[in-house]
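Q: Build me a model:
(one chain, ligands or ions: 1)
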Amino acid sequence: MPAELLDGVAVARTIRDEVARDVLVQKARGVIPGLAVVLVGEDAASSVYVRNKGRACEEAGMHSVTIRMPVTTTQGELLAVVDQLNADPAIHGMLVQMPLPVQCNADEVIRRIDPAKDVDGFHPINAGKLIIGEKDGFAPCTPAGVMELLRRYEVKTAGADVVIIGRSNIVGKPMASLLIQPGIDATVTICHSRTRDLITHTRRADILIAAIGRAKFVTADMVKPGATVIDVGINRVDEPRAKNGYVLAGDVDFTTVSEVAGKITPVPGGVGPLTIAMLLRSTLVAASRVVVA
Ligand code: NDP
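A: Down below sits the predicted model:
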């Protein structure tokens, strides 16, 4: 029997509606939640993401600022913009779109962002808070979105064996941190390119999360029948017949895996839309923490 689809578009819509409602509560106390996005250079995919973030903000009734900087921007110029946004009371959340041009040091930029405005959750202070379970930080938006998907589809996490393929700081590691929190209570295994005999891990997963960056990497034989499969991957695959010359594919071979899995996210329309929804929510949370005199 084909797997149940976990509809990220619908869940993201619900979250964005909730955020828009709560923005009104903030406005009533005189705070207009504001998000600033800094884009350095003209990477096509990044430009699309940034435009979508701006539109989503405005639709939710938030204040949105996009700062576009040339590809020749120096580290000093970028840090100066971050400082300016740190000091701007109209901005509650900010992010610097990655990747940055080679002359810029992403780690230094991330560390310069005020942790209270770091709605991407990449600052070491927020990463640390996530690990120790302090609730006043920010979790990275993509794994936070996966948690919302699991929660709203009532996927049981307590005692579940969760296997994550990928150990990046933006997906794999924070995903594991969220899943082992008390109250979520999953048992987590993180796999990576040096994992021996990957399939023995993936085949015992009640929940399998793929964040690898390789199209259709997870095949049906790697999945336990009935498992929940979450596909974080977004990969461009050449397709001459497509309008842009490519199509988007996840890290999971959806056609075959959906015949084995119990629940599965599609790509596109799964985890992707949740990332922006969670960014809006984190910005709202940042604004709600502002004390009004
Ligand atoms: P990274 O490249 O930072 O990490 C990929 C991970 O996959 C690494 O830990 C790597 O292992 C592991 N890996 C690579 N090859 C294998 C293999 N053969 N077997 C097992 N593990 C392997 O990617 P990200 O975490 O940034 O992103 C992962 C995917 O998610 C990408 O497709 C990206 O586009 C997508 N993404 C989607 C988002 C969304 O909004 N939906 C947001 C962020 C990312 P090692 O560490 O050993 O190299």
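
Q: from here on, contacts and neighbour counts on C-alpha atoms
A: OK.

Q: Can you identify each of the strands in the stretch 151-293 of the chain by residue range?
A: Ranges of strands within the stretch 151-293 of the chain are 161-165, 187-191, 207-210, 228-231, 235-238, 246-249, 263-264, based on DSSP state E, counting those that start in this stretch.

Q: end to end, how far does stretch 154-166 reach?
A: Stretch 154-166 has an end-to-end distance of 24 Å (CA to CA, to the nearest Å).

Q: for stretch 247-259, which positions count as buried?
A: Val247, Ala249, Gly250, Asp251, Val252, Asp253, Phe254, Val257, Ser258, Glu259 (16 or more other CA atoms under 10 Å).

Q: what's in contact with that stretch?
A: By CA atoms under 8 Å, 6 or more residues apart in numbering, the surrounding residues in contact with stretch 247-259 are 1-3, 210-220, 223, 231-239, 264, 266-268.

Q: and it, does that touch the ligand?
A: No. Stretch 247-259 lies out of reach of the ligand by CA under 6 Å from any ligand atom, never closer than 6.6 Å.

Q: any chance of the strands of the stretch 151-293 of the chain in a markdown table, plus mean pLDDT and distance to Val291?
A: Output for the strands of the stretch 151-293 of the chain, formatted as a markdown table (pLDDT from 0 to 100; distance: least, CA to CA, whole Å):
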| stretch | mean pLDDT | distance to Val291 |
| --- | --- | --- |
| strand 161-165 | 99 | 38 |
| strand 187-191 | 98 | 38 |
| strand 207-210 | 99 | 38 |
| strand 228-231 | 99 | 38 |
| strand 235-238 | 94 | 42 |
| strand 246-249 | 94 | 43 |
| strand 263-264 | 98 | 41 |
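
Q: Export these as TSV, with columns for distance to Glu77.
A: Shown next, in TSV, are the strands of the stretch 151-293 of the chain (distance: least, CA to CA, whole Å):
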stretch	distance to Glu77
strand 161-165	37
strand 187-191	38
strand 207-210	37
strand 228-231	37
strand 235-238	32
strand 246-249	34
strand 263-264	44
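
Q: Compare the ones you listed and give me the one nearest Met69.
A: Met69 lies closest to strand 235-238 among those, at 25.8 Å (CA to CA).
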